[in-house]
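In: structure for the following, please:
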Amino acid sequence: MDTFCYDIIDELEYLSGERVDKALSILVDSLSRSYIQKIIKEDVVQVNDKPVKASYRLSSEDTIRFELPEHSEPDILPENIPLSILYEDDDVLVINKPKSMVVHPAPGHYSHTLVNAVLYHCGDSLSGINGVMRPGIVHRIDMDTTGSLVICKNDSAHRALAQQLKDHSITRKYLAICHGVLKEDKGTICTNIGRDNRDRKRMAVVPDTQGKPAVTHYHVLQRFNKYTYIECELETGRTHQIRVHMAHLGHPLLGDPLYCPIKSPYSLIGQTLHAYTLGFLHPSSGQYMEFQAPLPDYFKRLLEVL
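Out: Okay, the predicted model is just below:
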C-alpha cells in the first residue's frame, strides 16, 4: 500500500481553511478532484485518524492520511529514438532534449518520451528511485522547452543530484525571447508560485501564504523592435517558473500557449525557451562540470529574422 501523509502545520499551513478535497487535489496533482471525492466517500481519507466528508475544512493543526491500493504500472518499453548526447559516463548522461518531446510517460502517453529513448540507450543502467515511470529522471523540462537535461544511471548519482537540486546549487541558465522591450538590463523576480485555481493546467504567482518560493534572475542579451532576447538563471526550480515569472512581469515568452495572450506572428511550436547551461558537481568525483546545449535551428533562425 502507498501511504501519503501530510502534516499541515509543518509544511502546508497555507491550506488551512480549504476543503479537504480541494487541498488534496493541490497536494497530489496526479489525482483528479472527482477521484479524491470518491475515495473520501469510501473513508479512505482520514483527518486526525478519522474519516471526513469532502466539505471538511482543514485547520492549521490537522494531519491528513490516506492510502491508495497498489496498482500495476504499465510496461514502459525502450524505443530506438536518437539522442543528442552532450556527455556520458557510468553515473550520468547529459542530453540536449529536442522540442515536442515529453520527458517521462504519463497516463495516456506511454511512448515516444525521453524515458523510452533513454531506456533503449542505457538498458538497465538507470536509477530506480523515481520508479518505473521515471527511471533516471531527477529533474525535467517542459515538452516544448529544448536543451540540457541530466539523467542518473544509478541511485547514488540520483541522490547526489537530487540533494544539489534541493540545495539550489545546480547551475541552470535558459535562453528565451519575450514580448516587449525590457527597460532594465537585469533584474530578479521573487514570488511564490502555485497551481492556478481557475485552470489546473497552469501555474500562477500566488500570495506569500500559498505555493512555494520561486526566484528567477534575468538579464538582457539583445533588444529588438517588439521583443527582447534574455538569459534567465534559476535559483529555484518550480513548474513553468520562467514562463510564469516573465508573464507576471508583463513580458510573456514568445509562442507560449499557456501564458501568452498574444498570438505569435511566427510559425512556432510552443514557447521560445532553451535550457542552455547546466552545471553540477559530479556525483562520484565531486568535480564541477558544466555543459551547454547548442541553440536549436528554429531559435537561431528566429533570432536572425528579429
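
In: ranges for the strands of this protein?
Out: Per DSSP state E, the chain carries strands over the ranges 2-7, 45-47, 50-51, 63-68, 85-88, 92-97, 146-152, 171-179, 186-195, 203-206, 212-223, 227-234, 273-281, 288-292.

In: looking at these, which is buried most?
Out: Across the strands of the chain, the average number of neighbours (mean count of other C-beta atoms under 10 Å) peaks for strand 146-152, which reaches a mean of 27. Heads up, the C-betas are built off the backbone N, CA and C, glycines and all.

In: show me the contact partners of that strand.
Out: 86, 91-99, 103, 114, 118, 122, 126-127, 129, 136-141, 158, 161, 174, 273-278, 280, 283, 291-293, 296, 299 (C-beta atoms under 8 Å, 6 or more residues apart in numbering).

In: same thing with stretch 27-45?
Out: 4, 6, 12, 15, 20-22, 24-25, 51-54, 64-68, 195, 200.

In: how close does residue 175 sit to residue 288?
Out: Residue 175 sits 21 Å away from residue 288, going by C-beta to C-beta, to the nearest Å.

In: repeat for residue 48
Out: 47 Å.

In: now do residue 45
Out: Residue 45 sits 45 Å away from residue 288, going by C-beta to C-beta.

In: thought residue 272 was touching residue 260?
Out: No. In this structure residue 272 lies outside contact range of residue 260 using C-beta atoms under 8 Å: 10.1 Å.

In: more neighbours: the two, which one.
Out: The residue with more neighbours, out of residue 272 and residue 260, is residue 272; 25 against 19, by other C-beta atoms under 10 Å.

In: mind listing what that one touches?
Out: Contacts of residue 272 (C-beta under 8 Å, 6+ apart): 176, 177, 253, 254, 255, 299, 302.

In: so what's the residue nearest to it when sequence neighbours are not counted scoring on pLDDT?
Out: Sequence neighbours aside, residue 177 is the residue nearest to residue 272 in space, at 4.2 Å (criterion: C-beta to C-beta, 6 or more residues apart in numbering). Residue 177 carries a pLDDT score of 98 in this model.

In: who's residue 175 bridged to?
Out: Applying DSSP bridges to residue 175 gives these bridge partners: residue 231, residue 274.

In: so it sits against residue 222, correct?
Out: No. Residue 175 lies out of contact with residue 222 (C-beta under 8 Å); the separation is 10.7 Å.

In: what do these two both touch?
Out: With C-beta under 8 Å, 6+ apart as the test, residue 175 and residue 222 both reach residue 229.

In: okay, how far is it across stretch 164-180, tip to tip?
Out: 34 Å (C-alpha to C-alpha, to the nearest Å).

In: ditto for stretch 261-268
Out: Taking C-alpha to C-alpha, stretch 261-268 runs 15 Å from one end to the other.

In: over to stretch 21-39?
Out: 10 Å.

In: and residue 161, how many neighbours does it have?
Out: So residue 161, with other C-beta under 10 Å, has 23 neighbours.

In: which non-adjacent residue is nearest it?
Out: Residue nearest to residue 161 in three dimensions, not counting chain neighbours: residue 138, with 4.7 Å by C-beta to C-beta, 6+ apart.

In: tell me the phi and psi of that neighbour?
Out: phi -110, psi -20 (degrees, to the nearest 10).

In: pLDDT score for it?
Out: The model's pLDDT for residue 138 equals 92.

In: again, but for residue 225
Out: On pLDDT, residue 225 comes in at 93.

In: off-centre distance for stretch 290-298?
Out: What separates the centre of stretch 290-298 from the centre of its chain is 19 Å, taken as C-alpha atoms, centre = their mean, to the nearest Å.

In: one more: stretch 49-60?
Out: Taking C-alpha atoms, centre = their mean, one finds the center of stretch 49-60 at 30 Å from the center of the full chain.

In: ends of that stretch, how far apart?
Out: By C-alpha to C-alpha, one end of stretch 49-60 lies 16 Å from the other end.

In: okay, buried residues for it please.
Out: 52, 54, 56, 58 (16 or more other C-beta atoms under 10 Å).

In: can you check stretch 97-105 too?
Out: Those would be 97, 99, 101, 102, 103, 104, 105, for stretch 97-105 by 16+ other C-beta under 10 Å.

In: output the below-cut-off pLDDT ranges for the protein.
Out: 1-14, 29-31, 68-74, 107-108, 131-132 (pLDDT under 70).

In: residue 199 and residue 258, how far apart?
Out: Separation of residue 199 from residue 258 (C-beta to C-beta) stands at 9 Å.

In: likewise residue 194?
Out: Counting by C-beta to C-beta, the gap from residue 194 to residue 258 is 15 Å.
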